[in-house]
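Novice: here is the input, now give the coordinates:
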Amino acid sequence: MIDRGLAAHDIAAELLGMAVDWRPARPAAYIAAVLARDRRAETARPPEGDLAADPSAHQEWQQWLRSRQVDDPPRTDDDRRHARLHSWDRWREVAAHYDEDPDDALDLYGTRLCAYAVKRAAPSAW
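Specialist: Below is the predicted model:
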């Protein structure tokens with residue numbers, strides 16, 4: 001993976017993508033086999049006109065990706081840390097954000113703060 005130019009976080013993501021619900025007897029051999037399989041799949045040519053094989057080649061997809069990069073600058077770990085430290089007293093905003101876009105709220109505030117905000121915002125069962 002290092003030979004492919006991957007950084008540490010990219011390697012971690014690759015390894016997480018290989019997650020299995022069992023423990024291989026020889027993890028290094030398993031990882032090597034998965035990498036070899038992926039290399040073979042990369043070199044295989046998809047049939048002409050098959051956009052599903054390589055969505056990144058589709059112009060509309062690339063345009064959408066560029067628009068997302070311009071509209072939504074990438075969130076940093078500092079953004080997350082700041083939001084998680086200073087939003088406990090603004091739980092109504094966190095709950096509203098979670099209602100609108102749960103994935104984004106979980107990314108920004110984390111599970112604990114989102115759960116706290118949703119619980120506080122929920123009408124009492126009593």
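Novice: where does the prediction get shaky in this protein?
Specialist: For the chain, the stretches flagged by pLDDT under 70 are 19-21, 44-57, 68-73, 124-126.
Novice: the helix or strand where Lys119 lies: how far from the chain's middle?
Specialist: Per DSSP states H and E: Lys119 is located in helix 111-121. Helix 111-121 sits 21 Å away from the centroid of its parent chain (C-alpha atoms, centre = their mean, to the nearest Å).
Novice: now what about that helix, what contacts it?
Specialist: With contacts defined as C-beta atoms under 8 Å, 6 or more residues apart in numbering, helix 111-121 is touched by 84, 87-88, 91-92, 94-95, 98, 102, 105-106, 109. From N, CA and C alone the C-beta is placed, and that goes for glycine too.
Novice: nearest to Ala25 among the residues you listed?
Specialist: The shortest gap between Ala25 and any of these belongs to Leu106, at 35.4 Å (C-beta to C-beta).
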